[in-house]
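In: let's see this in three dimensions:
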Amino acid sequence: MESIYSEVEAEKFVKHYPDVTRALALRTYTSRLMGADPNLVLHGGGNTSVKVRQKNIIGEEQEVLFVKGSGVDLVDIEPDDFVALDLAFLRKLRTLESLEDEEMESQMQIHKLHTSPLNPSVEALLHAFLPHRYVDHTHADSVLVLTNQPEGPDLIHKALGPGVGVLPYIMSGLPLAKAVAAQYENHRELEAIVIVNHGIFTFAEDAETSYERMINFVNRAEAFITHKIEGKAHITPRADIQFVQEAEPAVARFARTMRGACAHRDSDGRLRRFIVEFRSTQDLLEVSVSKTAQILCDSGVLTPDHVIRTKNKIAYVDTLLENNDDLRKRINQVVEDFVKDYHRYFREQVKARGVDLQELDPYPRIFIAAGLGMFALGFSRKEAKVAADIAEKTICAKIQANAMDQYLPITESHIFDMEYWPIQQKKLGQFSSLLLQGQIALITGAGGAIGYGIADRLLASGAAVVLSDIDESRAKKVCSLLKERYRNGEIEIIPFDVTDYQSAASAVDEISRQLGGIDIVVPNAGIAHVAKIEDLEPDKLDQVIAVNFKGTFNTIKAAIPVFKQQGTGGHIIVISSKNVFDPGAAFGAYSASKAGAHQISKIAALELAELGVRVNMINPDAVFGDGEISSTLWDIVGPDRMKSRGLDFEGLKEYYRNRNLLKAQVLAEHVGNVVVFFASDQTPTTGASFPVDGGIASAFPR
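Out: Next comes the predicted model:
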């Protein structure tokens, strides 16, 4: 690890943030340097602070602590992500013997100096009690490799030298803050303090020195570890397990089976599903077939902070059975054993404390599959990736620790304290109310107006969305617009040809590999052709039927094995047409093919109900799109309709608006709203046709 501090870059930060003090600008700069290195911190981990003197609104000078907001990622932190607190008051809290969590949070809110929606870091008091202007804290992997050993404190002293103090694990809050402050006051030569099972704090009067000390001590730890494990075998493989040769189909099978096994109903009766992130680095593959795989999986997190992301243990599946039913039974048994052990852990810890708490969900977040690699689960794609990043780092660190001597698991008592700490749980609750959180949706024909509207509404409801369109450039445009609006990683493009069943089946497997499975299938791909029957070329009819009818059939058929393997039901929501009930002259190819798709969807509703899969149809009319994304159908039929009626484009839209009973303009988002309604299980409905047309009497479903 090398220092990447640059005076030139530091000055750029000072100039870029002219409205904040130089000290805070430099604090932001070095915080980002540390946040950019995953060997130091991951996803909201670690914290930093700076102390300044500045005048308040009436001109009085006061001491201010700017400390990182709780849960903020250091990698892209902004000055506004630091919470300003009354430093003089915080220091007075050191005189207290104890401080309840609720009171600590209350005092932090009362003594904020700027309006901020953020809560200050749980280690704000520690930052306040140290006298140094700059304080940095990370969960450096190499430091935890050393502390999480039977002789951890001695190893820290040997590796890092006399300038570093060591304290046993103490939970964040007033006791830890007081212990760190006392350690420094008794040993003022210290440049850093290590907390066993937690991490390292460095401090100095300037930003560069505090950062450089962090890099220096972490480098010493890394060098010490490298020397200790040089020439040693890190992992010993089992002779009876090999890497899976045909990995891609095996990953898809495992992901959707595991995802189904972990789906569960919460205390409100809501079915909670997970998104999956798969990793198969060489280290993870070797661990998966090693003699110590089960031990590594059972030995817990590197630091209690990680438990809210990954749970404490990892579920290990040592056999990948070829038969789908056998694989499901094996994974279900692993999950059942994991859940039983979690219940045991919860009961024991609650009993030991004499408290009454609501148990959190007991399901694993990380799986190691023999010969395949690692699977991580989260209620959103971001959560799954965070869990995967942390677990991958944890496994690699434990390999090093065991090569040195023996990895020493953190006590379940410490784990429980952090997992059930309300302050930590607040970091996870921000998306829990979204209707479709944890669900995965596939939309075909996603490059057009209706596809765009459906994707928009699904994303707004918390689903992860896969866009597919034969015209990949249109899908990319939709994806770009949606990413601007939602700024998250819940969107993927996986193009395939709906007229080709193998293409559809391959795409469904790819979705399983990338996200874990499918819950919502929206066959929306469609094309139009204007011609009277006597002028309709047979090959044109075949082309329209291939997309509109066979494309719907292929998409439904390809999804059925996923629904079966997951075992959690699902939704197929077919974008049909008003023309199914009210066909138009010279529009026979489109109307007939859509009627066929509508009928096959009804058959699917009959056949798939036993799987808990609901199949419903939406019949839109005259959805023109907007300036950003046009309707591919109206791009084709619009010019002929305008010509026959002597209208321009706006006039045509007005014509169709006035012909419906409600005199309403039908928008793509209206179609999307119905998709969300069906997908959210608000009514026990299957086989239904839902008009979204403003009211066309001749198209009323009969």
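
In: where in the protein is pLDDT low?
Out: 427-432 (pLDDT under 70).

In: can I see the domain layout of it?
Out: 7-229, 247-428, 440-623+665-691 (automatic domain parsing).

In: distance to Ala699 and mean neighbour count added to those domains, as a markdown table?
Out: All C-beta spots, glycine's among them, are computed from the backbone N, C-alpha and C. Below are the domains of the chain laid out as a markdown table (distance: least, C-beta to C-beta, whole Å; neighbours: other C-beta atoms under 10 Å):
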| stretch | distance to Ala699 | mean neighbour count |
| --- | --- | --- |
| domain 7-229 | 48 | 19 |
| domain 247-428 | 34 | 19 |
| domain 440-623+665-691 | 4 | 21 |
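
In: can you check which of the ones you listed gets nearest to Arg659?
Out: Nearest of the domains of the chain to Arg659, taken as C-beta to C-beta: domain 440-623+665-691 at 8.3 Å.

In: quickly find the element holding His137.
Out: strand 134-138 (DSSP states H and E).

In: could you identify the helix or strand that succeeds that strand?
Out: helix 141-147.

In: who touches Ser631 in this structure?
Out: Gly448, Ala449, Ile450, Val623, Phe624, Gly625 (C-beta atoms under 8 Å, 6 or more residues apart in numbering).

In: reformat these as a markdown table; add distance to Gly569 and secondary structure.
Out: Formatted as a markdown table, those follow (distance: C-beta to C-beta, whole Å; DSSP: H, G, I helix; E, B strand; the rest coil):
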| residue | distance to Gly569 | secondary structure |
| --- | --- | --- |
| Gly448 | 28 | coil |
| Ala449 | 29 | helix |
| Ile450 | 25 | helix |
| Val623 | 29 | coil |
| Phe624 | 34 | coil |
| Gly625 | 32 | strand |
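
In: residues in contact with Arg253?
Out: Asn324, Leu327, Ser512, Gln565.

In: give me the nearest residue to the first one, chain neighbours excluded.
Out: Using C-beta to C-beta, 6 or more residues apart in numbering and skipping the chain neighbours, the partner closest in space to Asn324 is Gln565 (6.0 Å).

In: from Leu377, how far out is that neighbour?
Out: 16 Å (C-beta to C-beta, to the nearest Å).

In: what about the strands in the stretch 151-300 of the chain?
Out: Listed in chain order, the strands of the stretch 151-300 of the chain (DSSP state E, counting those that start in this stretch) span 164-167, 192-195, 199-204, 264-265, 271-272, 275-279.

In: how about the secondary structure of the residue lying closest to Gly44 once chain neighbours are set aside?
Out: Computed as C-beta to C-beta, 6+ apart, the closest residue to Gly44 that is not its neighbour in sequence is Gly71, at 4.6 Å. Three-state assignment for Gly71 (DSSP: H, G, I helix; E, B strand; the rest coil): coil.

In: any idea how far Leu482 is from Gly71?
Out: For Gly71, the distance to Leu482 - C-beta to C-beta - is 25 Å.

In: got it, and Ile195?
Out: Applying C-beta to C-beta to Ile195 and Leu482 gives a distance of 43 Å.

In: same check on Leu467?
Out: 8 Å.

In: is it true that the residue nearest to Gly44 touches Asn47?
Out: No. Gly71 is beyond contact range of Asn47, at 10.2 Å (criterion: C-beta atoms under 8 Å).

In: if we can go back for a sec, specify which member of the contacts of Arg253 is nearest to Ser290.
Out: Out of the contacts of Arg253, the member with the shortest distance to Ser290 (by C-beta to C-beta) is Leu327, at 21.4 Å.

In: can you tell me the closest non-neighbouring residue to the closest one?
Out: Nearest to Leu327 is Leu321, by C-beta to C-beta, 6+ apart, at 4.6 Å.

In: before we move on, back to that, format the strands of the stretch 151-300 of the chain as CSV; extra columns: distance to Ile235.
Out: Shown next, in CSV, are the strands of the stretch 151-300 of the chain (distance: least, C-beta to C-beta, whole Å):
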stretch, distance to Ile235
strand 164-167, 29
strand 192-195, 27
strand 199-204, 26
strand 264-265, 33
strand 271-272, 35
strand 275-279, 16
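
In: helices or strands up against the strand or helix carrying Leu481?
Out: Here Leu481 sits within helix 472-486, counting by DSSP H and E. Other helices and strands packing on helix 472-486, by 3 or more C-beta pairs under 8 Å, 6 or more residues apart in numbering; DSSP states H and E, are helix 449-460, strand 464-467, strand 491-493.

In: now those in CSV, with distance to Ala124?
Out: Output for the helices and strands packed on helix 472-486, formatted as CSV (distance: least, C-beta to C-beta, whole Å):
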stretch, distance to Ala124
helix 449-460, 34
strand 464-467, 35
strand 491-493, 36
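
In: who does Val83 bridge with?
Out: Beta-bridge pairing for Val83 (DSSP bridges): Val67.

In: ok, it - contacts?
Out: 66-69, 108, 112, 114, 116, 118-121, 124.

In: so which of those residues comes closest to Val675?
Out: When the contacts of Val83 are compared against Val675 (criterion: C-beta to C-beta), the nearest one is Leu118, at 34.8 Å.

In: apart from its chain neighbours, what residue comes closest to the closest one?
Out: Gly69 is the one closest to Leu118 (C-beta to C-beta, 6+ apart), at 3.2 Å.

In: in this structure the one you found contacts Phe82, no?
Out: Yes. Taking contacts as C-beta under 8 Å, Gly69 lies within contact range of Phe82: 6.8 Å.

In: restricting to C-alpha, output stretch 314-322 in PDB.
Out: Listed next in PDB are the C-alpha coordinates belonging to stretch 314-322 (Å, rounded to 0.1, in the frame of the first residue of the first chain):
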ATOM      1  CA  ILE A 314     -21.600 -18.300   6.000                       C
ATOM      2  CA  ALA A 315     -23.700 -21.100   4.600                       C
ATOM      3  CA  TYR A 316     -21.600 -23.800   3.000                       C
ATOM      4  CA  VAL A 317     -23.000 -26.300   0.400                       C
ATOM      5  CA  ASP A 318     -20.400 -29.000  -0.100                       C
ATOM      6  CA  THR A 319     -22.200 -30.900  -2.800                       C
ATOM      7  CA  LEU A 320     -23.700 -29.700  -6.100                       C
ATOM      8  CA  LEU A 321     -26.300 -32.300  -7.100                       C
ATOM      9  CA  GLU A 322     -27.200 -32.700 -10.700                       C
END
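
In: mind checking how far the closest residue to Gln62 other than its chain neighbours is from Leu130?
Out: Nearest residue to Gln62 in three dimensions, chain neighbours excluded: Asn56, at 5.6 Å (C-beta to C-beta, 6+ apart). Distance from Asn56 to Leu130, counting by C-beta to C-beta: 24 Å.

In: helices of the stretch 151-300 of the chain, start to end?
Out: Counting by DSSP state H, counting those that start in this stretch, the stretch 151-300 of the chain has helices at residues 152-160, 174-186, 207-229, 247-262, 282-288, 293-298.

In: next secondary structure element downstream of the shortest one?
Out: When you say that, I think you mean helix 293-298. helix 307-310.

In: packing partners of whatever helix or strand comes next after that next one?
Out: Sequence order places strand 315-317 as the next helix or strand after helix 307-310, per DSSP H and E. With contacts defined as 3+ C-beta pairs under 8 Å, 6+ apart, strand 315-317 has these neighbours: helix 293-298, helix 324-353, strand 366-369.

In: thinking again about what came up before, contacts only, for the residue nearest to Leu118.
Out: Asp81, Phe82, Val83, Ser116, Leu118, Asn119, Pro120, Ser121.

In: tell me if the fifth one really is in a strand.
Out: No. Assigned with three-state DSSP, Leu118 falls outside any strand and is coil.

In: name the SS class of Arg614, please.
Out: Secondary structure, three-state DSSP: Arg614 is strand.

In: what sits closest to it if chain neighbours are left out?
Out: Per C-beta to C-beta, 6+ apart, closest to Arg614 is Thr686, 4.0 Å.

In: Asn616 is in contact with the one you found, correct?
Out: Yes. Using C-beta under 8 Å, Thr686 is in contact with Asn616, at 6.3 Å.
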